[in-house]
Structures are given as C-alpha cells and as structure tokens.
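> Turn this into a structure:
(chains A and B)
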Amino acid sequence: MTTTIPAWFTARQQAAQKRYESIPAPKRGDEQWRFANIKQLTWSAGVSPTLEAEEILRVISRSTGLEKPAAKFVFLNDDLIHSESHLPENAICLPFADALLSHSDLVEEYFMKQETRLGSAKFVALHEASVKNGLFIHIPDRCEIEGSIEVHHWISGAAISFPHTLIVTGKSSKVRVIDIFRSVDETTPGLGITYKDLFAGHNSSLDYVAIQDLNEVSRLIAINETSTSRDARSKSFILNTGAAWARNESFSQLIGPGAHSDMLSVSIPHREQEYDQRTLQHHVSESTYSDLLYKNTLYGHSKTVFSGLISVDENAHHTDAYQTCRNLLMTDDCEANSMPGLEINADQVKCSHGSTSAQVSDEEIFYLQARGIDPVRARQLIARGFSVEAVQRLENEDAENLVLTFVDAKFARIG
Amino acid sequence: MSLQITNLHATLENGTEILKGVTLEIPAGEIHAIMGPNGSGKSTLSKVIAGHEAYIPTAGSITLDGQDISEMSIDARSRAGIFLAFQYPNEVPGVSNANFIRAALQARLPKGEEIDAVAYYKHLYAQMDLLEMDRKFTARAVNEGFSGGEKKRNEILQMIMLDPKYCILDETDSGLDIDALKIVAKGVNAMRSANRGMLLITHYQRLLDYIKPDHVHVMAEGRIVKSGGPELALELEEKGYDFLKEPALA
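Got it, this is the predicted structure:
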C-alpha cells in the first residue's frame, strides 16, 4: 500500500479547483435555481476547531443508531474518530482517505464520473477539490451484507465538511448504508457539501439512507448520483429535519434493462427552514422502472422547492416512471413550490407525475377528536402518518425505526 | 343517569336550520333507535351531540349524566363518555390501527401515565377475536383500503376498546352484507349493559332484527315526530315514511 496520495487524485483536485473558480455562481433567473434562495450560496472559509479528547469521546458516545450495525464509522469534520466492522473479509469498507491509498485504481474507476446536471456544478467542483474523507464501500459479487452500515458525520464549529460516500455493489450483491449528518452544537453555523456516488451492479441491491439532522443554523448541499445496472435495484431515501437551508440534488440513471430505482424523501421543515429539492430520473435503457415519492410536511414560515424531471431516452422503450411530490401544509404561512416535468423520447412508456399540496382537513381532525384525541395531538398523528407512508417504503424495520426516531424528535421539537 | 337532549336547535354556517327542537332522553341501560327518511336530520343530530364544528347549536342543551356538555370540545366530549360510530369513517394514512386506538386510550390517562403495552394488546386481541378480525389488522393504517364492512367493524372495535357511557351509531348497517351485519351486531350486543345507553341511527328496520331496541323514534324535518316501542319500526317498514305525512300525525 502506498502512503502518498495518488497522482491522479491530486490532478483531479487541482483541475476541480480551477473549475470551481471559473464556473459562475448560480444567479436569480437560472432555471435550475428557480425559487431557490441564492443568498444561501455565499459563505466564509471554514474554521475547524481542535477538540479535546474528552469532547471527541462525547461525540462518539452520542453516535447512536442501530442496535446491531454491520459496521459503524464516526467522522468529525471529516476525520475518522471511531470505527467497528463485522463485515465479511472480502467486502471493502474503508474511510475514503485510506481507500485512496490502498485501492487507488478501484476508487479512480468510480470516483465522481457523472456530469452534474441539476445546477450545482460549481459546488460539486468545490467538493471534488476539497474532499479528503468519507466512506468507500465495495461489495464483491454475490456477497450479501446482513444489516446496515451506519456512518455518522458530525460537523463541529463553523467548519465546512466535504464527506464523500462511494458505494459499488458487485453482481448479485446486497448492501444498505445509512449516513447520518449532525452538528456537535446547536448554535454554530456549519456547512456540508456532500457527494454520494452510488453504483448498483448487475442484479444487485443497493439501499442508501441519508438522515440530515444538522443544527438549524447550518447549511447543506447534498448531491446524490445513482447508477443502476441491469436487473439491479437501488433505493435512496433522504430525511431532512435539520439545517437552516438544505439543497438536495438527486440524479438517478437507469443504465441496464430491468433496472429499478426508488427515490424517496421525507422533509419536515419548521420556523424559517428551507429545503430545495431537485431530481432527475434518467431512463437510458429499455425496460427500466423508477418511482419517486417525496413528502414534505411544512410548519411555521418554512419553504420547500421541488423540481423533478423524468427523462426517457430515445431507445428506452417499455419504461415505467412515476414521480409524486406531496406537500402537507400545517400553517398558513408556509410555502411549497412544485415543478414536476416529463421529457419523453421513446414509445411505449408508462409515465406519471403529480404534485399535490393540501392542509389537514377538518373532517380528518374531527374523526380523531371524536376518539378523545386533542386537536394538537391529532394534527401531529396525521402529519406523522403522512411521513410514515414514505418511510415504510424502506421495507426494513430497523432502518425504518431509526429514521422514525429522527422524525419523532423533530415533531417533539415542533411541539 | 342518562344522555339528555332538550329542545336542541342547530344550523349550518349559512343559517339553514337542520335541527328544529329535538328532545330525547336515553337512560343508561336502554337502546334507542332513530329512524327517518333521508335529510330528516338524523346524522346531523349525531354530529351535533359529538360536537362537530360545522353545526352551530342555537338553542337547547345536551347533558351527560347531569353534566352540560354543550360547550365542551369534541375531544372532551369523547373523553367524558360519548362515542360516535361514523357512517363514513375517515382514513388515517400511515397511522396503524393499534397506534390509533392506543393514542385514544392514552388521551384518557392522566399526564405522565403510560398504557401497559402487554395488557393493551391482550385486550385488543380479545376484542378483535369477538369481531372476527385478523391480527394483521393491527398493523394496517386506519381504514385505509378497508372494505365497507371492515370500516364498520373497526368502528365497533374502537367503541369496545374505549368503553364509552353512551354510544351513538350512525347508519352502522349501511353498506354491510348480512354476515358482516351479524358480526357488527354481535359486537354491539356485547356492549349492552345497565350502565350504558345506546342510540342507533338507521334508515332500515333490518338492523333492529339483530339489535333489539327498547324504544324507536321517528325523525322528520329536524324533529322527533313519533316515538314508540320496537313495533314502530315494523310499522314504518310496512307503510314507509309516507304514513308520517298523514294528517293525523301532523
């Protein structure tokens, strides 16, 4: 194993830095930033505080999640501070910084190969230029990982964090990875620019869950790039409960016949929180299936933007593609913007897209109240149920319960 | 001990009067049935007793064992002992039946007190057995994708679990086939008690073959126009509601 950063990576980072400097910042009027809060895109250089050993131990002890994770990693401002693994020996699951040294060729083969298509090319370049850690997972052919790999990413102080998650599943393999993004304290504004490279190989199953529960003064730009091969099944789930502002760009590419992609999200903003969601379901190959379900429950003066496109290539016949964004408006002052879109260039496709925004109806509340449940609790039960519908699509009890602990904590904060 | 409704008037927000002076007493231990044609105000009466905010009570009172509940919120009335089995029960997506009933029971406990989960499920399963409901039902979302019969059975299950003092069943027989009706009736009959009063609202006499009422009332145009024993239901069935229009009854 080499101890120096591979030359290809250094060259990529240098080129990315130049790209970052040359790409103009998004501006008002850019279609991909429609309804977006452009003001959130300026920040000062990050400051990473040095933490005492005792504080680091406290962060590790706060990194609780699943009862029995298949492996567990804890990062603090992109430095690994804890790891444990019960994975089979032939599965590679390493901090990205280590994988760069020990599996340089493999990382190079998959690292950030996609063209950024949803607006954040400049910030993707910044991520590429700045990334130093994260997790690299390579599951060999026919290897099925029981349970989930759990990864905690903590931001401390006014740091800028660039966690990278690169997952490659071999033929007929299976893995589930859960990333949890949190802040060490509740009052210091941090920034995360995260990137997930997800490659579901032939006939494999790749489930990815991102739980975003940063403090409510932090910001996040999260890029998900998923490629799903022949007969493979990918599932990505995003939960947004924290941050002052979060932008999620999720691109799912179906590149082999029989590929199946589920894109799920639950967001529960309150106060002045803003979540900006851009998605693209790109059907490259024939006989592919994608299903997107985004559910937003808005409180206070919060705001969401959903812009989703289904794009079907010329030869991608027999495509099934579905896209649903549902907004539940819990106050009169919240704002949900939805822009669903279709771009179909093939015949024999089944596509649907739809977006709805609704308030809890008086009749629903009446039913729960008539059972003795007070109206505040009734509204909360209905709103939780609204989110649960998407969480259940994870089809894994442990992962669902973990996500629901964050959902319930958020509802408790809303009160 | 009774649910006492006295000279109850109620209007819609637009001022249309639906209830025009309903007086009715349901003593604990008795089952009363209200029959009447469509639009007579039967369902409205049940909703006004439950506290539905779309109806504005303009006169009269509702007392439960002597306590005036007219000013109480919907949920407070329920906790005080009123149960309304809905004609069209709502769906509550993402909330399992077990959690829903548990939340309703929890709402009846003092703050800080928690339901004993083991005892709760034991009791729930026993009542589900009575109503011939599959155990899988506990994990299903409330009324979502339920058949008409399943929804009505679910209402009766909730009623049994919440153990109210006064039950109001709004057209519980509508949309039920005969087998489902028998099961629902079994659940209701199991609830008969000297300490509980029941009000059955129905369009058809058929329900009363399975749940024998002590008294039958006929409602028309927002009022109770005739009261009698169980034989009144048979008379209505035979003659239809038109006989109410005969001058002798005016």
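> A:F366 falls within a helix, correct?
Yes - membership of A:F366 in a helix is supported by DSSP: H, G, I helix; E, B strand; the rest coil.
> which non-adjacent residue is nearest A:T356?
Setting aside the residues directly before and after it, A:T356 is nearest to A:R326 in space (Cβ to Cβ, 6 or more residues apart in numbering or on different chains), at 5.2 Å. Where C-beta positions appear, they are placed from N, C-alpha and C, glycine not excepted.
> Next, the contact list for the one you found, please.
Residues near A:R326 by Cβ atoms under 8 Å, 6 or more residues apart in numbering or on different chains: A:293-296, A:355-358, A:386.
> can you put these in CSV and add neighbour count, distance to A:E52 and secondary structure?
Listed next are the contacts of A:R326 as CSV, based on neighbours: other Cβ atoms under 10 Å in any protein chain shown; distance: Cβ to Cβ, whole Å; DSSP: H, G, I helix; E, B strand; the rest coil:
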residue, neighbour count, distance to A:E52, secondary structure
A:L293, 18, 44, strand
A:Y294, 26, 41, strand
A:K295, 21, 41, strand
A:N296, 28, 39, strand
A:S355, 17, 49, strand
A:T356, 11, 50, strand
A:S357, 17, 48, strand
A:A358, 11, 50, strand
A:F386, 24, 43, helix
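> any chance you could map the helices in the chain?
Just going to use chain A. A:7-22, A:53-62, A:96-102, A:104-110, A:121-130, A:362-369, A:375-391, A:397-414 (DSSP state H).
> wait, chain B
Going by DSSP H, chain B shows helices at B:42-50, B:74-80, B:97-106, B:117-130, B:148-162, B:178-190, B:206-210, B:231-239.
> Mean neighbour count and mean pLDDT for those helices - can I get that in a markdown table?
Formatted as a markdown table, those follow (neighbours: other Cβ atoms under 10 Å in any protein chain shown; pLDDT from 0 to 100):
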| stretch | mean neighbour count | mean pLDDT |
| --- | --- | --- |
| helix B:42-50 | 23 | 96 |
| helix B:74-80 | 21 | 98 |
| helix B:97-106 | 20 | 96 |
| helix B:117-130 | 14 | 95 |
| helix B:148-162 | 21 | 94 |
| helix B:178-190 | 17 | 89 |
| helix B:206-210 | 18 | 90 |
| helix B:231-239 | 15 | 87 |
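> Pairing partners for the residue nearest to A:T356 in the sheet, please.
Beta bridges link A:R326 to A:K295, A:T356, judged by DSSP bridges.
> and of the helices of chain A, who's closest to A:E150?
Between A:E150 and the helices of chain A, the tightest spacing by Cβ to Cβ is seen for helix A:397-414, at 8.2 Å.
> which non-adjacent residue is nearest the closest residue to chain B within chain A?
Chain A approaches chain B most closely through A:G385 (2.9 Å), counting by Cβ to the nearest Cβ. Nearest residue to A:G385 in three dimensions, chain neighbours excluded: B:G94, at 2.9 Å (Cβ to Cβ, 6+ apart).
> ok, the one you found - how many residues close by?
Using other Cβ atoms under 10 Å in any protein chain shown, B:G94 is surrounded by 22 other residues.
> Please name the residues that touch it.
Neighbouring residues of B:G94 by Cβ under 8 Å, 6+ apart: A:384-389, A:392, B:141.
> and if you look at A:E128?
Counting by Cβ under 8 Å, 6+ apart, A:E128 has contacts A:12-13, A:16, A:19, A:112, A:195.
> what's the answer for B:Y204, then?
B:173, B:237.
> and it, what are its phi and psi?
For B:Y204, the backbone dihedrals (degrees, to the nearest 10) come out as phi -120, psi 150.
> what's the pLDDT at it?
We have a pLDDT of 82 for B:Y204.
> now that we're looking at it, how far away is A:V284 from it?
60 Å (Cβ to Cβ, to the nearest Å).
> As a markdown table, the contacts of B:G94 with pLDDT and distance to B:S46 would be great.
Below are the contacts of B:G94 laid out as a markdown table (pLDDT from 0 to 100; distance: Cβ to Cβ, whole Å):
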| residue | pLDDT | distance to B:S46 |
| --- | --- | --- |
| A:R384 | 96 | 29 |
| A:G385 | 96 | 26 |
| A:F386 | 97 | 28 |
| A:S387 | 97 | 32 |
| A:V388 | 96 | 31 |
| A:E389 | 93 | 30 |
| A:Q392 | 96 | 34 |
| B:A141 | 96 | 25 |
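> follow-up on the earlier one: so which of the contacts of A:E128 wins on neighbours?
When neighbours are counted as other Cβ under 10 Å, the busiest of these turns out to be A:Y195, with 26 neighbours.
> quick one, what contacts that residue?
A:112, A:124, A:127-128, A:131, A:162-165, A:223, A:225.
> Where strands are concerned, which of those count?
Mapping the contacts of A:Y195 onto strands (DSSP state E) picks out A:164-165, A:223, A:225.
> so which of these would you say is closest to B:G197?
Using Cβ to Cβ, those come closest to B:G197 at A:T165, 62.4 Å.
> Without its sequence neighbours, what residue ends up closest to the closest one?
Spatial nearest neighbour of A:T165, chain neighbours left out: A:K196 (4.4 Å); criterion: Cβ to Cβ, 6+ apart.
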